[in-house]
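1. Prediction below, plus the sequence it came from.
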Amino acid sequence: MKKIILTFGISLFAAFAIHVASTNPEANLKKITNISNPDSLKEKSDLMESKINKTEQEWKNELTPEEYYVLREKGTERAYTGEFWNHFEDGVYKCSGCGEPLFSSETKFNSHCGWPSYFQPIDKSKIIYQEDRSYGMIRTEVMCARCGGHLGHVFDDGPKPTGLRYCINSVSLDFEKAAEKK
Ligand code: FE
């Protein structure tokens, strides 16, 4: 009998652990918005400001068809056709989905691959890294941490100091030129 109770207990714990592990951040966000405890309001407002949670229909209404295809459907623009693969002005590249500053011109390099390439993001915490096993390859997909928009992939054949190449779709970026130096 003890053995049965023990087995049941372990199974229950395992089921709970799996449930916790599979809970995604979006679901957490929804849960937090349902909390009526006033002490949690500060945390709630911070989260709502920092993360963007839109329906696919809202994204469709706001983005151009090209932006929607790349950002929301993880599409890829054709090499050497985007706005920024050969663009080397001083400034900041922001997410075209939500405006978050993601890459600086100071980390951009000419990779000759047909897409804008950077050896590091402005802040690693603004990027989500996820394994991508599509098309028979194992790659690391990079997404905007604020809106979840697909940006491109990161490879380990980049230059110093990181050795990384963030290969990003131009469509996923908007450029803000640096103020003229006087
Ligand atoms: Fe974004």
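-> That came in fine, so what should we check first? The model shown is predicted, which means the values in this text are computed figures rather than measured ones. Numbers count the residues shown, from 1 in each chain.
2. that's a strand at residue 151, yeah?
-> Yes - counting by DSSP: H, G, I helix; E, B strand; the rest coil, one finds residue 151 located in a strand.
3. how close does it sit to residue 88?
-> Distance check for residue 151 against residue 88: by Cβ to Cβ, to the nearest Å, it reads 19 Å. To be clear about C-beta, it is placed using only N, CA and C from the backbone, and glycine gets the same treatment.
4. out of these two, which sits in the more crowded spot?
-> Taking other Cβ atoms under 10 Å, residue 151 and residue 88 do not tie; residue 151 has more neighbours (28 against 10).
5. Let me see the contact set for that one.
-> If a contact means Cβ atoms under 8 Å, 6 or more residues apart in numbering, then residue 151 has 95, 102, 127, 142, 143, 144, 166, 168, 169, 172, 173 as its contacts.
6. And it, how far from residue 143?
-> To residue 143, residue 151 is 6 Å away according to Cβ to Cβ.
7. Next, show the common contact partners of these two.
-> Overlap of the contact sets of residue 151 and residue 143 (by Cβ under 8 Å, 6+ apart) consists of residue 127.
8. Contacts only, for residue 93.
-> With Cβ under 8 Å, 6+ apart, residue 93 has these contacts: 84, 101-105, 108, 116, 118, 168, 173-176.
9. same thing but at 6 Å, please
-> 102, 103, 173, 175 (Cβ atoms under 6 Å, 6 or more residues apart in numbering).
10. again with residue 167
-> Taking Cβ under 6 Å, 6+ apart as the contact definition, residue 167 lies against 115, 117, 152, 153.
11. Leaving out chain neighbours, which residue sits closest to residue 66?
-> Nearest non-adjacent residue to residue 66, counting by Cβ to Cβ, 6 or more residues apart in numbering: residue 171, 5.1 Å away.
12. returning to what we had before: which member of the contacts of residue 93 is positioned nearest the ion?
-> The ion has its nearest neighbour among the contacts of residue 93 in residue 102, at 7.6 Å by Cβ to the ion.
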